Structure formats: C-alpha cells, structure tokens
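Asks: The sequence and its predicted three-dimensional model are supplied below.
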Amino acid sequence: MDRATFEAELTRDGYTVVSITMQPEAVNPQHVHPFDARLLVTEGAMTVVREGAPTRTYQAGETFEMPVGTHHSETAGPAGATYVAGRRVPENRRAS
C-alpha cells in the first residue's frame, strides 16, 4: 500500500497519524498501548512478536494492526525501520 492512501484511510477512520523511525536493530521491549494502532512500514523492516500470533517481519509497503491492550514487542531490521502509525482510542476507553 502506498503512504498517501494509507494516511487518507487513517484520517477517514479517525486515527491520529504519526511517523516513527527506529534505528537499526533497535528493540522496543514488550509493552501494550492504550489505543488501537494501524501501521505501514515505509522503509526497512520491523519484526513484531505479539501474544497469540506467530512472529512476523513486515517489509516496506506492508501493513498490520495492533488492537488496544495487545502485548507485543518490535525489533527494527538491519537497516532500521520507518513507519507511519495511526492511533485511535476505542470509544469504550475514552474519557467522558
């Protein structure tokens, strides 16, 4: 998927859009987010380990979703990883 289309879909679906770069071989240890996330790898590669799913390496052009509260970790590839992420707090978790 191309970046412009991905960002347009995120905006349409109510996500906040951010761009993040991880240094080569950087590790983001196991954690959870208080939001749903959708990601598009734009450069490099990112390996994701998540509960209840096999480990997967995403390459530039590939997308994936991470539901709120999912335990996961991320490791950038040898050339690092740059990605566009959409973040959206689910309705049932928003403060009134």
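Replies: Received it, and whenever you're ready, just let me know what you need.

Asks: Quick one: residues contacting the spatially most central residue of the chain.
Replies: Closest residue to the average C-alpha location of the chain: residue 39 at 3.6 Å, with Cα atoms, centre = their mean. Contacts were defined as Cβ atoms under 8 Å, 6 or more residues apart in numbering; by that measure residue 39 touches 46, 58, 63, 64, 65, 66, 83, 84, 85, 86. C-beta here means a position set from N, CA and C on the backbone, and glycine is covered the same way.

Asks: got a pLDDT number for it?
Replies: As summarised for this prediction, residue 39 has a pLDDT of 98.

Asks: again with residue 93
Replies: Each residue has a pLDDT score; the one for residue 93 is 61.

Asks: on that earlier part again, residues of the one helix or strand the residue nearest to the centre of the chain maps to that come out buried?
Replies: In the assignment (DSSP states H and E), residue 39 maps to strand 36-50. Of the residues in strand 36-50, those with enough neighbours to count as buried (16 or more other Cβ atoms under 10 Å) are 36, 37, 38, 39, 40, 41, 42, 44, 45, 46, 48, 50.

Asks: Select only the buried ones of the contacts of residue 39 in ChimeraX?
Replies: For the buried members of those, the matching ChimeraX selection, counting by 16+ other Cβ under 10 Å, is:
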select :46,58,64,66,83,84,85,86
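
Asks: Let me know the closest of the contacts of residue 39 to residue 4.
Replies: Using Cβ to Cβ, residue 84 comes nearest to residue 4 of the contacts of residue 39, at 10.1 Å.

Asks: so the closest one sits right up against residue 3, yeah?
Replies: Yes. Taking Cβ atoms under 8 Å as the definition, residue 84 is a contact partner of residue 3 at 6.1 Å.

Asks: For these two, list the residues in contact with both.
Replies: Common contact partners of residue 84 and residue 3 (Cβ under 8 Å, 6+ apart): 40, 42.
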